[in-house]
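*Asks:* Predicted model, plus sequence, below.
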Amino acid sequence: MPFSSLSFTHQTNCNFFLSSSSSSSLCVFHLHLLCVSAIMGCCGGSSAVHPLKDGKLSPSPDMGGKRKCTDVLFLLLFIVYCGGMGAIAYFSLNDGDPTRFLYGTDSFGNVCGRDNPVGLINSTNSGLNMTGRERVFFFNSDNSDALVLCVEACPTNATVFANNTAFCAFGGPYTALEDDTNRSSIDALMLDADGCPTRDATHFVEILHRCIAIPDTASTVITRAKSYFNNNDIISNVIDDLQQSWVTILYLGLIAFGVTLVMILLMGVFSFIVIWVTYILAFVTCLGAIGYMWYSYYVQWQEYNDTDPSLRLESQKENLDLYLYGGIIVSIVFGVILLILLVLRSRLSLLVALFKEAGRAIRAMPATLVMPLLTFVMVILAVLYFVVVYLFLYSISTPTKTTIGHVKYEQDQELVYMQWYHIFGFLWIIQLFFAIQQFIVAGAVAQWYFKGSGKLGWPILNAVKNSFRYHLGSLALGSMLIALLQLVRLLLAYVQKKLKGRTGAVVDALMKCCQCCLWLLEKFLKFLNKNAYIEIAIYGYPFCKAAREAFSTLVRNALRVATINSVGSFVLFLSRLVVASVVGFAALYWMERNLDLAYPAVSVIIAAILAWFVAGVFTSVYDLVIDCVFLCFAEDSERNDGSLERPLYASKRLIAFMDKSKRQLQKQTLKSQADTHTKVETLDDEY
């Protein structure tokens, strides 16, 4: 898009926002969003549905109409990027050796627990057979120059290190070298002239084949904990309980799935009761919190005044101030929430209608509930691929001989770049899986809304075809933006970790503020992307145009969006809580009567957590369907007027929330169509 045209579009959009009584800050944000899109160079391209027709918005699209490929450049970029990831995987699997991390290495580059036929450096201690020596023992883990040996077992607090061939540099396959023994005068190395440790016997803990020395105080705590656990058999009993109950827990997960489906059906049928009860509870909770804080302050104030001034304690004054400031803060926060609830009250009827319509859509297309399962499987496969390739890639390094005759592994800078390349590709692929799921559900719901349940055909398959045939580039672009933001957050966390303890409190606070801002930006971008995918599913727009249209629509319906994303989200949260509670109580009832468990609470908690996640997966689909129905409704109400040329596609339940003139015109159109149909039937009967 030329810059002049882009500037005109920016000005037009801002004028529209200002004329719609929206705040100037929204206009500024809209400008920022479009500028970012322009810089990326992706806002051009045509679509199957033109935004203007005779000076008016075009009517809602023919969902089965012709579409065009969108954002092909980013699809090609994604394919090329995946090719790079494949090359990195091939290189890593050929040259990597992750067993070095699993079993560890000694100071001479030998991997513990296996034969090392090739010496890495010119040393008699490099290239040794370490079969049977699977533990790594550090002479002093706080000093990188201290000896590290492969040993058969970790020492105990009764181990004597002097002349002990199991832990000395001359024992077993090792040969004491002058490079090490000549440095025995350095206390930090904890090494004597014979090549044995000089450290005191202490407590060691084996972690990932490493013998880790811990302080005496920590050793005492661990010893007491072990004694307690061994005497009471808590760990063994819990393990036995899980071995008995794991099948039951899996069945409870299936029950959670069934209960979630029932909850989704009930929310569609009894949404009026559920939403209004939730609204009233939220209102009463806010009033109760404010009243409780001021009542507590009154009690503290009365107690403080009744106390003789000479007997008043400093803690009484502090508690009084605490309740005073707490009451002020709670009053402000919950007061604002109360005002928001009052403003949203008139929009609750629309939320009820959206819940009912979402229930109808899911009943018409139950296959939408299968999408999270497919996405889950794909994400698991992607995670396994990422972990395996990353371990091999990270293990690639060049062994070099240090000045003291030890082996040091160094990574080239190119390998570090490859690691970040691999990490970003993983983030991009995961987000693309979620984008495809959202688009398929959105496409199916859009077909159901605009074509009606009687002409659906195969909406899921049509949405799958549209996603992979036409709009995979747009989905790749949207997922790339989120992946880039997540990569920036990872890099910032990496820098923050590297600078820990080297900067002041101000820099640490700024780092945390940046992380918080990036997290909020990621949340907003995910929300915007989800609605952009809905626009793409409806009209076939390129991504940036879809994001702009979705943003404009959401701003024009800001209060309705706030209602859906506050009260609606809280209702879905309560539904997850109900599912987890029902499964938890069912687990407790069943396990107490049918299983002999020492600690049934552990199995019950695991079952409840599993139910919580199962419910979250499927209620997220319901939430997405609600958003899709709402955006379709908003587009329908803005583009159509109920005339014969521009009929409204909304159901009677949703038409009630449109303008009165549109409702009357739609009613007249339907009546005219009914009269025409009656006349045609009469003529057919006569002939």
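*Replies:* Yep, that arrived.

*Asks:* When you work out contacts or count neighbours from here on, use the C-alpha atoms and nothing else.
*Replies:* OK.

*Asks:* Ramachandran coordinates for T124?
*Replies:* phi -70, psi -20 (degrees, to the nearest 10).

*Asks:* for V111, same thing?
*Replies:* Backbone torsions of V111, given as degrees, to the nearest 10, read phi -80, psi 130.

*Asks:* so what's it bridging to?
*Replies:* Bridge pairing for V111 (DSSP bridges) gives the partners T105.

*Asks:* G568 touches L351, doesn't it?
*Replies:* Yes. Between G568 and L351 there is a contact at 7.2 Å, judged by Cα atoms under 8 Å.

*Asks:* Was I right to think A546 contacts I536?
*Replies:* Yes. A546 lies in contact with I536 (Cα under 8 Å); the separation is 5.9 Å.

*Asks:* of these two, who's got more company?
*Replies:* Counted by other Cα atoms under 10 Å, A546 and I536 do not tie: I536 has more neighbours, with 28 against 25.

*Asks:* wait, is that one part of a strand?
*Replies:* No. Read with DSSP: H, G, I helix; E, B strand; the rest coil, I536 is helix and lies in no strand.

*Asks:* I'd say Q447 and P459 touch.
*Replies:* Yes. With contact defined as Cα under 8 Å, Q447 reaches P459; the gap is 6.5 Å.

*Asks:* Among those two, which residue is more densely surrounded?
*Replies:* Ranked by neighbour count (other Cα under 10 Å), Q447 and P459 place Q447 first, with 26 against 21.

*Asks:* That one: which element?
*Replies:* Per DSSP states H and E: Q447 is located in helix 413-451.

*Asks:* where exactly do the helices run in the stretch 301-450 of the chain?
*Replies:* 314-344, 348-364, 371-395, 413-451 (DSSP state H, counting those that start in this stretch).

*Asks:* can I get these in JSON lines with mean pLDDT and distance to S144?
*Replies:* Below are these laid out as JSON lines (pLDDT from 0 to 100; distance: least, Cα to Cα, whole Å):
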{"stretch": "helix 314-344", "mean pLDDT": "81", "distance to S144": "51"}
{"stretch": "helix 348-364", "mean pLDDT": "82", "distance to S144": "61"}
{"stretch": "helix 371-395", "mean pLDDT": "92", "distance to S144": "19"}
{"stretch": "helix 413-451", "mean pLDDT": "91", "distance to S144": "22"}
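
*Asks:* So which bits of the helix or strand just after the helix holding Q447 are buried?
*Replies:* Next helix or strand after helix 413-451 toward the C-terminus (DSSP H and E): helix 459-469. By neighbour count on 16 or more other Cα atoms under 10 Å, the buried set for helix 459-469 is 459-460, 462-464, 466-467.

*Asks:* nearest to V416, of these?
*Replies:* Ranked by distance to V416 (Cα to Cα), the buried residues of helix 459-469 are led by S467 at 34.4 Å.

*Asks:* My read is that the closest one contacts A435, right?
*Replies:* No. Contact between S467 and A435 fails when scored by Cα under 8 Å: they sit 9.7 Å apart.

*Asks:* What is the helix holding Q447 packed up against?
*Replies:* Packing partners of helix 413-451 (3 or more Cα pairs under 8 Å, 6 or more residues apart in numbering; DSSP states H and E): helix 72-95, helix 371-395, helix 459-469, helix 472-498, helix 505-539, helix 600-639.

*Asks:* Out of the helices of the stretch 301-450 of the chain, which gets nearest to R646?
*Replies:* Across the helices of the stretch 301-450 of the chain, R646 has its closest neighbour in helix 413-451 (12.3 Å, Cα to Cα).

*Asks:* Return the set of buried residues in that closest one.
*Replies:* Result for helix 413-451 [16+ other Cα under 10 Å]: buried residues 415, 418-419, 422-451.

*Asks:* Which neighbouring residues are in contact with the nearest residue to F433 once chain neighbours are set aside, exactly?
*Replies:* Spatial nearest neighbour of F433, chain neighbours left out: T375 (6.4 Å); criterion: Cα to Cα, 6 or more residues apart in numbering. Contacts were defined as Cα atoms under 8 Å, 6 or more residues apart in numbering; by that measure T375 touches 433-434, 437.

*Asks:* do I609 as well
*Replies:* I609 touches A580, counting by Cα under 8 Å, 6+ apart.

*Asks:* Look at it and report its pLDDT.
*Replies:* Looking at I609, its pLDDT is 91.

*Asks:* Run a quick check on A213 versus I207, I expect a contact.
*Replies:* No. Contact criterion Cα under 8 Å: A213 and I207 do not qualify, at 10.4 Å.

*Asks:* So for these two, which sits in the more crowded spot?
*Replies:* Counted by other Cα under 10 Å, A213 and I207 do not tie: A213 has more neighbours, with 22 against 10.

*Asks:* three-state assignment of the more buried one?
*Replies:* strand.

*Asks:* So which other helices or strands are in contact with the helix or strand Y295 falls within?
*Replies:* If you go by DSSP H and E, Y295 is part of helix 271-306. Other helices and strands packing on helix 271-306, by 3+ Cα pairs under 8 Å, 6+ apart, are helix 314-344, helix 348-364, helix 569-594.

*Asks:* Buried residues, stretch 316-329. List them.
*Replies:* 320, 323-324, 326-327.

*Asks:* Can you lay out the residues you listed as a markdown table showing distance to K497?
*Replies:* Shown next, in a markdown table, are those (distance: Cα to Cα, whole Å):
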| residue | distance to K497 |
| --- | --- |
| L320 | 40 |
| Y323 | 38 |
| L324 | 39 |
| G326 | 35 |
| G327 | 38 |
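
*Asks:* Which of those residues sits closest to D180?
*Replies:* Proximity of the buried residues of stretch 316-329 to D180 (Cα to Cα) peaks at G326, which lies at 64.0 Å.

*Asks:* Give me the spatial nearest neighbour of that closest one, chain neighbours excluded.
*Replies:* M293 (7.1 Å).

*Asks:* For A282, see how far away the one you found is.
*Replies:* The gap separating M293 from A282 is 17 Å, by Cα to Cα, to the nearest Å.
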